[in-house]
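Colleague: Predicted model follows, preceded by the sequence.
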Amino acid sequence: MERRTFISTGMLTLAGCWLTGCRHNQYAKVMHPGDQEMVGSHQAGGETYKPLIDEAVSKLLGRHAAERQVGPNGLPPPPLRICFVAVENKSAEEIGDFKDQIYEQIDSRILESHVFQPISKRFVDAGLLQTRLRPDLLMVPENMRSFAATLEQQGQPFDYMLYATITSGTTHENKDYQRDYLLTMELVNIHDGQYDKQSATLSKGYFHSRLSRFGSTAH
Amino acid sequence: MVSPYRKAGRSLKVVIFVPLLALSLVVGCKTHERRLVTIRESFYSGDLQQAAKTLDEGTKRDRHDIDVLLLERSMVELAEGNPKQSEQILRQVRDRFDYLEQASLGETALAVLTDDTRKSYSGEDYEKVLIRAFLSLSNLMVDGQDAAAYALQVADKQTQIIEAAAGTQDAADGDAKNPKLAYKQVALGPYLHGLIREESHSNYDDAARASAMVVSWQPDFPYGQADLERAQRGRHSSPGNGVLYVFTLVGRGPYKEETVELPTTVSLLIADRILSATNKYSLPPTIAPVKVPKMVVPPNTVAHVGVSVDQQRVGTTETITDVGRMAVEQHEAVYPKIVADAVVRRIVKKGVVLGAKEALGANEATLSSVALDVVGIAWEATEAADTRCWGLLPDKIQVLRLELPAGQHQIGLQPLSQYNSSGPIEQQTVTILDGRNTYVLANFPDERLVGTVLTSQP
């Protein structure tokens, strides 16, 4: 190798190393309404759960609001007392810190609707702690009576129990896959056992490369 | 016009200056391995003040290795009974490591001219994960407000590490060549997440999912199946009872030692002799051995810690995370890359000397060729293996879960060796709250407690 070539190549390499190899600090920005939100590349995130909650809760509340007729005295009936027990994750993914947020979002939407009067989560948690009952076993009649009695003692009687369940179904296509997320809201009348259900679904494709994603949207 | 002799002289100065500069950067630096010996000795003998003093002196003097020294400091704080300070330090190091783990080509270039100790230390992969696990543990000892978030970060970090390694592979051979896929996952993360969710009494599904992970990641954890069963069908505790989790850090953890990679050294020597015999200009012979770090796990004398409640023996702690084994396995997974980096470093150094010889026209017979060979050998001999590591980690993290009636209890902890000998019993009063978790943490590097027994509810 020529001396000049050797030295100039070496210097260029070193200069390139110094200039392009800097570490970067992390930055953040406040996302405003209308800003393009991030899309979870490996699992569901806000882009999945928010529309699911919006759709399922709106439909459920809308149906019950329509059913509630004005009473004989011309006044609307008092809101039904509802105990939102839990969000259950039965999907193939960890939902991590989203779970509590899903609960809070659903709870807030129900409270704002004035169709139902939800019981504070703190009372619900205290009731579960005191009775040591698992949320998934509250449908056993004896458990339900015990739980309802405990909340009544705390001055929090209720008519309905609400469960939100997240499930998923996965379809594979070579290295890519599609996952369908389903949020189901199940409302059970504790007096007569009748139940109502409302679901919302959202499908998301996960691609192993950008090219693969482009190919998928092209056809 | 500059005379050819003057030009050659200038080139010679440059070529000699670069290795000498590298030499000056390396010589005189006390290796982390030697410094760690002093710190470990103080810590294991129970002299936490001396360990803290050595660490504080080190952080003042050596800004380059401050993060790894702070990791040791966090362990001293935890043993001294200051979980809040420990958490604060760990948080600082976690964020620094996240920044430093980005590739810096400048540092990489410097490391090629010197050795890996010139790179900022961004932690071994298992250390990055364990920082989050210890953050969660420390936080549980304070108020537990952030413990769940830290526990979730354990699994997140593990996924990030594996995905980052996959990202550096070709898409075609991706997973097949990702050595980090073989990493053992830290079961302590989901274990902590599970116990926090179970305590809420309304998130048994999360607890069951976390327990399933623990069983899958640490199948030899004897309490795993019972935990899973309870999360799937049982309950946190009976009315009037609470739960006590006893966490113990047992044994002396892994550390790194400098060792000679003999086969590589010999191969390089043979290769450079062949090239020297066939080329016009000779290469400096590989006399200086290629040094690489080796992970060492000292023998662990503590097998379990016996736990008694109100003078009644109730069980022993069992391993939820085998830190020593994990460190060795991860080191083995990345060892070929460490050796490859060392070989590249040697090739670059030999290339620089060869380039200088070519530039000067210094063939084998000349004095300048011999001088450059000597400089080359000295340059290679300055290399040191990067032995920086989190040296005060335990060999194993163990746990025992106990359901106890609410109220005050006297807890006794006794280290038990594999040879049926046992250390003194350490007592601690804890308060169990109805339907809630209480945590105890103790450090048994040997058959004697180091520091104090920490509890979240004294």
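Modeller: Ah, there it is. Numbering: from 1, shown residues only, chains lettered A, B, ... in the order given.

Colleague: From now on I want contacts and neighbour counts done on CA atoms only, so please keep to that.
Modeller: Noted.

Colleague: contacting residues for residue 154?
Modeller: I'll assume chain A. By C-alpha atoms under 8 Å, 6 or more residues apart in numbering or on different chains, A:Q154 lies in contact with A:F123.

Colleague: um, chain B though
Modeller: Applying C-alpha under 8 Å, 6+ apart, the residues contacting B:V154 are B:V129, B:L130, B:R132, B:A133, B:V186, B:G189, B:P190.

Colleague: where does the residue nearest to the fifth one when sequence neighbours are not counted fall, helix, sheet strand or coil?
Modeller: Setting aside the residues directly before and after it, B:V186 is nearest to B:T321 in space (C-alpha to C-alpha, 6 or more residues apart in numbering or on different chains), at 6.2 Å. In terms of secondary structure, B:T321 is strand; the call rests on DSSP: H, G, I helix; E, B strand; the rest coil.

Colleague: so where's the chain shaky on pLDDT?
Modeller: By default, I'm working from chain A. A:1-21, A:69-72, A:216-219 (pLDDT under 70).

Colleague: actually it's chain B I care about, not the one you picked
Modeller: Along chain B, the parts satisfying pLDDT under 70 run over B:1-31, B:166-177, B:364-365.

Colleague: who in it is up against chain A?
Modeller: Residues of chain B lying near chain A by C-alpha under 8 Å from any C-alpha of the partner chain: B:99-100, B:102-106, B:109, B:149, B:152, B:200-206, B:234-239, B:355, B:358-359, B:435.

Colleague: rerun at 7 Å
Modeller: B:99, B:102-106, B:109, B:152, B:201-202, B:205, B:235, B:238-239, B:359, B:435 (C-alpha under 7 Å from any C-alpha of the partner chain).

Colleague: Of all pairs in these, which one spans the longest distance?
Modeller: B:P239 and B:A359 (85.1 Å; C-alpha to C-alpha).

Colleague: between those two, which one's more packed in?
Modeller: Between B:P239 and B:A359, counting by other C-alpha atoms under 10 Å in any protein chain shown, B:A359 is the more crowded of the two (20 against 15).

Colleague: In the stretch 301-450 of chain B, what residue lies closest to chain A?
Modeller: Of all residues in the stretch 301-450 of chain B, B:A359 sits closest to chain A, at 5.4 Å by C-alpha to the nearest C-alpha.

Colleague: That residue: what secondary structure?
Modeller: Look at B:A359: counting by three-state DSSP, its state is helix.

Colleague: can you map out the helices along chain B?
Modeller: Along chain B, counting by DSSP state H, helices occupy B:4-26, B:32-44, B:48-61, B:66-80, B:83-100, B:105-113, B:125-142, B:147-167, B:188-199, B:204-217, B:224-233, B:262-278, B:323-360, B:367-381.

Colleague: Contact partners for B:N300?
Modeller: Going by C-alpha atoms under 7 Å, 6 or more residues apart in numbering or on different chains, B:N300 touches B:G251, B:R252.

Colleague: any idea how far it lies from chain A?
Modeller: Distance, B:N300 to chain A, by C-alpha to the nearest C-alpha, to the nearest Å: 36 Å.

Colleague: burial of the residue nearest to B:R346 when sequence neighbours are not counted, as a residue count?
Modeller: For B:R346, ignoring the flanking residues on the chain, the nearest one in space by C-alpha to C-alpha, 6+ apart is B:E380 at 7.0 Å. Look at B:E380: counted by other C-alpha under 10 Å, it has 27 neighbours.

Colleague: what does B:K119 give?
Modeller: Count around B:K119 with other C-alpha under 10 Å applied: 20.

Colleague: distance of it from B:L137?
Modeller: B:K119 sits 30 Å away from B:L137, going by C-alpha to C-alpha, to the nearest Å.

Colleague: Next: B:V266.
Modeller: Per C-alpha to C-alpha, B:V266 is found 47 Å from B:L137.

Colleague: Next up, the contacts around the nearest residue to B:L449 once chain neighbours are set aside.
Modeller: Of all residues not flanking B:L449 in the chain, B:N443 sits nearest, at 5.8 Å (C-alpha to C-alpha, 6+ apart). Going by C-alpha under 7 Å, 6+ apart, B:N443 touches B:A79, B:T248, B:L249, B:V250, B:L449, B:V450.

Colleague: By neighbour count, which of these wins?
Modeller: Neighbour-wise, those (other C-alpha under 10 Å) top out at B:V250, 29 neighbours.

Colleague: Show me what stretch A:172-185 is in contact with.
Modeller: A:52, A:56, A:162-171, A:197-208.

Colleague: contacts for the one helix or strand A:V57 maps to?
Modeller: Assessed by DSSP states H and E, A:V57 sits inside helix A:46-67. The contact list for helix A:46-67 (C-alpha under 7 Å, 6+ apart) reads A:V39, A:I106, A:V115, A:L183, A:M185, A:Q198, A:S199, A:A200, A:T201, A:L202.

Colleague: List the buried residues for that helix?
Modeller: By neighbour count on 16 or more other C-alpha atoms under 10 Å in any protein chain shown, the buried set for helix A:46-67 is A:T48, A:Y49, A:L52, A:I53, A:E55, A:A56, A:V57, A:S58, A:K59, A:L60, A:L61.

Colleague: What is the nearest of the contacts of helix A:46-67 to B:K349?
Modeller: The nearest member of these to B:K349, counting by C-alpha to C-alpha, is A:V39 at 46.4 Å.

Colleague: any idea how far the closest one is from A:A56?
Modeller: 21 Å.

Colleague: more crowded one of B:V266 and B:L137?
Modeller: For B:V266 versus B:L137, the count of surrounding residues by other C-alpha under 10 Å is larger for B:L137: 26 against 15.

Colleague: out of everything not next to it in sequence, what's closest to that one?
Modeller: Sequence neighbours aside, B:A147 is the residue nearest to B:L137 in space, at 7.0 Å (criterion: C-alpha to C-alpha, 6+ apart).

Colleague: who are the neighbours in contact with the one you found?
Modeller: If you count contacts by C-alpha under 7 Å, 6+ apart, then B:A147 has B:S136, B:N139, B:L140 around it.

Colleague: Closest to chain A out of these?
Modeller: B:S136 (15.0 Å).

Colleague: I'd guessed that closest one sits against B:Y150; true?
Modeller: Yes - assessed by C-alpha atoms under 7 Å, B:S136 is found in contact with B:Y150 at 5.1 Å.

Colleague: So these two - more neighbours on which side?
Modeller: Counted by other C-alpha under 10 Å, B:S136 and B:Y150 do not tie: B:S136 has more neighbours, with 27 against 23.

Colleague: ok so, going back, for ChimeraX, what selects the buried ones among the contacts of helix A:46-67?
Modeller: To isolate the buried ones among the contacts of helix A:46-67 in ChimeraX, judged by 16+ other C-alpha under 10 Å, type:
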select /A:106,115,183,185,198,199,200,201
